[in-house]
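Enquirer: the following block contains a protein sequence and its predicted model.
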Amino acid sequence: MLTFPHPHHRRSARTRRRTGRRATAGLLTAALLSGGLVLAPGAAGAQSAARDLATAAAAAAITPVRVNQAGYLPDGPKRATVVSAATEPLTWQLRGASGAVAAAGRTVVRGADAASGEATHLADFSAYRGTGPGYVLVVDGRSSAPFDIRADLYDGLRSDAMAFFYHQRSGTPIEASLVGPAHARPAGHVGIAPNQGDTNVPCQAGVCDYTQDVRGGWYDAGDHGKYVVNGGISAWLLVDSFARARRAGTASALGDSTLRIPERGNGVPDVLDEARWELDFLMRMQVPAGRPYAGMAFHKIHDAAWTGLPTRPELDSQPRELHRPSTAATLNLAATAAQCARVFAPYDSAYAKRCLSVARTAWTAAQANPALYAPDSDSTGGGAYNDTQVTDDFYWAASELYAATGERAYRDAVTSSPWHTSSSALTPTGFNWADTAALGRLTLATVPNKLPAADIGRVRASVTAAADGHLATMAGQGYAVPIPANGYVWGSNSQVTNNAIVMATAYALTGQQRYRAGVLETMDYLLGRNTLDLSYVTGYGDTYARNQHHRFWAHQYDASLPNPPAGSLAGGPNSGLQDPVAQERLAGCSPAACYIDDIGSYSTNEVTVNWNAPLAWLAAFAAERRAPKS
Ligand code: 9MR
Ligand code: 9MR
């Protein structure tokens, strides 16, 4: 029986009401002063002067005691970062909901932190084993945001982060019975006016002379584009999340009727149902037999011109166009379709066979056209997703085809690829939609295959070595973030989460607790233990991102529209300041502070499928109960 709203949504509403700690203005402006920056008056008019006052008020209210505002697991690490210039340790106190001191200790002076520009101390209360709501950490007379300590901490996020994908579905109504009235909407892009797609979509001029049915899939992000290279890594991560859990014996938590999606109750694990919605779309993007470039995948389909915010999907009146095929998109299709063949086989063998056939065709087509690159200039009406380095995508696709078939030709493509041994496959800054060699490595490290034992050992060692590198990066920072200070790029939160996936995979390979601790401390960063004292996940934590760049969840621009649903991850700090709002409001920011919860800041505050996918992966991992350490 399905009831709405589920407990988590009630909880976040309550959390919001309780938040008297700081005005919501802090969400918009926390970034500015937390690094000690002073606003230059510049072109400030009355409006921006008022904003500066709000900024000052908000910044004054930010606590220097930064915690995971959602909370901590009883058996996990429990660490906080304290901003202080004191050169001697400070006393910390953990206080329960009643105000009584539950534990106390001394901080460790950590000093200057490059990413935040702050001087920090570390408070470690991991030894505390009590549970309950409403804890605060008090240091030097300042209290942290309130937080819980409980074993079921990540259960809500496991389903909410996964539900993001249903919300983003194109080509189907988003049902109020599943998401509640505020987030429900009619189907977008099913060939009903004013939509001009996606059932019968022509190519851009000169690319093809026919139309293709490319309905379905997920909208990429705050825009309504559908991009094969980004859909590929996202679908892969969802399927991998399920495959990982199955290997760990914990897949029932991702099984049938665990998500609020239309397919619940069909006998197939819901996470696979969700991934299939995208896989079906990706396969529709394949150029049909008998056409030029048959077997390749069109790079993307999106609006001919950028629409404004807000624009509801079903009201988008722009012409939709297919953009020319690319090698990268074709290899994304090959990789994800091969993974589909492997993982869906026990649930739907006919579908698995179809996936494999698509994957083989795509692989062959990519081999015949190994250097067809999507141009970086193609960013009118949609993102470019350009990528001229595709040998990593060849490696990823070969690894998946080998894992699915065991065939010699694919094995040879794996072992002859420079990415099979290159240390660049797993880097300190992390993999992403453009750099996919790591995905091949992760598959070869975890999925039984017939590579020589020594080779598999080497592949696995490369994963644990990368994970140890991430742990070292974290240990060297004030906030235990698994990316270096120069790694705060567009979508930095996905670099962070992807590195945590490498650590979680190392945990699966070795059972070493330090890797799980690294994953959980990464969650701490995302959920409030950061220089902005802000959770990047909507609905989680005392103060959280809620104005992400989105054409439907555009409440900031139109009060009749909703905020993002709980479980939506903001892109995160981007020191490149690549949008006008970030440029105006964040100039001079320290890398980890280059973020603003404003709907206009698409380069720091958008949502996308490739950022929520690793969050969902990690939430499922973190939600699993572990036997207590002996
Ligand atoms: O809304 C678009 C967002 O999804 C993209 O990430 C971003 C960069 O490609 O572009 C956004 O669209 C803006 C466009 O680039 C410039 N005109 C204003 C658009 C909406 O803010
Ligand atoms: O995630 C993409 C990031 O790596 C690029 O630097 C950026 C600019 O090209 O584009 C990002 O992707 C956006 C895409 O182009 C359009 N949809 C929204 C994506 C996230 O902002």
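Expert: Structure received. Ligands and ions are numbered 1, 2, ... in the order given.
Enquirer: so how far is residue 312 from the residue nearest to residue 550 when sequence neighbours are not counted?
Expert: With Cβ to Cβ, 6 or more residues apart in numbering as the criterion, residue 550 has its nearest non-adjacent residue at 4.1 Å, and that residue is residue 222. C-beta here means a position set from N, CA and C on the backbone, and glycine is covered the same way. For residue 222, the distance to residue 312 equals 13 Å [Cβ to Cβ, to the nearest Å].
Enquirer: likewise residue 559?
Expert: Look at residue 559 and residue 312: by Cβ to Cβ, they are 15 Å apart.
Enquirer: and what of residue 462?
Expert: Computed as Cβ to Cβ, the residue 462 to residue 312 distance reads 46 Å.
Enquirer: of those two, which one has the most company?
Expert: Neighbour tally, residue 462 and residue 312, criterion other Cβ atoms under 10 Å: the higher count belongs to residue 462, 21 against 16.
Enquirer: what is the mean pLDDT for the helix or strand that that one is a member of?
Expert: Per DSSP states H and E, residue 462 falls inside helix 453-475. Mean pLDDT, helix 453-475: 98.
Enquirer: now swap in stretch 104-122 and tell me
Expert: Here the average pLDDT along stretch 104-122 is 98.
Enquirer: again with stretch 251-270
Expert: Mean predicted lDDT for stretch 251-270 stands at 98.
Enquirer: which of the residues in it are buried?
Expert: Residues of stretch 251-270 classed as buried by neighbour count (16 or more other Cβ atoms under 10 Å): 251, 253-256, 258-263, 268-270.
Enquirer: what's the neighbour count on residue 613?
Expert: 33.
Enquirer: next: the one 4 residues further on.
Expert: A count of nearby residues for residue 617, using other Cβ under 10 Å, gives 26.
Enquirer: and the stretch 351-500 of the chain, which residues reach ligand 1?
Expert: When proximity is defined by Cβ under 6 Å from any ligand atom, the stretch 351-500 of the chain lies next to ligand 1 at 379, 383.
Enquirer: quick one on the thing from earlier: show me the two of the buried residues of stretch 251-270 that sit farthest apart.
Expert: 251 and 262 (20.9 Å; Cβ to Cβ).
Enquirer: mark which of the buried residues of stretch 251-270 are part of helices, please.
Expert: residue 270 (DSSP state H).
Enquirer: wait, which of the buried residues of stretch 251-270 is closest to ligand 1?
Expert: residue 261 (24.4 Å; Cβ to the nearest ligand atom).
Enquirer: what about residue 411, helix or strand, and which?
Expert: In the assignment (DSSP H and E), residue 411 maps to helix 408-415.
Enquirer: tell me the buried residues in that helix?
Expert: In helix 408-415, counting by 16+ other Cβ under 10 Å, buried: 410, 411, 413, 414.
Enquirer: what about the closest residue to residue 162 other than its chain neighbours, how many neighbours?
Expert: Sequence neighbours aside, residue 616 is the residue nearest to residue 162 in space, at 4.6 Å (criterion: Cβ to Cβ, 6+ apart). Using other Cβ under 10 Å, residue 616 is surrounded by 29 other residues.
Enquirer: spit out the contact partners of residue 616.
Expert: 158, 161, 162, 164, 165, 237, 238, 241, 567 (Cβ atoms under 8 Å, 6 or more residues apart in numbering).
Enquirer: of those, which belong to helices?
Expert: Using DSSP H, these in helices are 158, 161, 162, 164, 165, 237, 238, 241.
Enquirer: residue 525: which of those is nearest?
Expert: residue 161 (15.6 Å).
Enquirer: is the spatially closest residue to that closest one that is not a sequence neighbour in a helix, a strand, or coil?
Expert: Leaving aside its chain neighbours, residue 161 sits nearest to residue 616 (3.9 Å; criterion: Cβ to Cβ, 6+ apart). Classification of residue 616 using DSSP: H, G, I helix; E, B strand; the rest coil returns helix.
Enquirer: where does the prediction get shaky in this structure?
Expert: Under the criterion pLDDT under 70, the flagged ranges of the chain are 1-61, 627-630.
Enquirer: got the residues of it near ligand 1?
Expert: 221, 222, 223, 306, 309, 379, 383, 602, 606.
Enquirer: quick one: the fifth one from residue 165, how far?
Expert: In other words, residue 309. The spacing between residue 309 and residue 165, counted by Cβ to Cβ, is 21 Å.
Enquirer: so between the two, which is more surrounded?
Expert: For residue 309 versus residue 165, the count of surrounding residues by other Cβ under 10 Å is larger for residue 165: 23 against 19.
Enquirer: ok, the closest residue to ligand 1 within the stretch 201-350 of the chain - contacts?
Expert: Per Cβ to the nearest ligand atom, residue 223 is where the stretch 201-350 of the chain lies closest to ligand 1, at 3.5 Å. Contact analysis of residue 223 by Cβ under 8 Å, 6+ apart lists 302, 303, 306, 307, 382, 383, 551.
Enquirer: equivalent analysis for residue 516, please.
Expert: 76, 503, 504, 507, 626 are the contacts of residue 516 under Cβ under 8 Å, 6+ apart.
Enquirer: how many neighbours does the second one have?
Expert: Same thing as residue 503. Neighbourhood size, residue 503 [other Cβ under 10 Å]: 31.
Enquirer: right, and the helix or strand after the strand or helix carrying it?
Expert: If you go by DSSP H and E, residue 503 is part of helix 492-510. Counting by DSSP H and E, the next helix or strand C-terminal to helix 492-510 is helix 513-526.
Enquirer: in the next helix or strand after that following helix, what's buried?
Expert: Counting by DSSP H and E, the element after helix 513-526 in chain order, helix or strand, is helix 580-585. Buried residues in helix 580-585, counting neighbours by 16+ other Cβ under 10 Å, are found at 581, 582, 584, 585.
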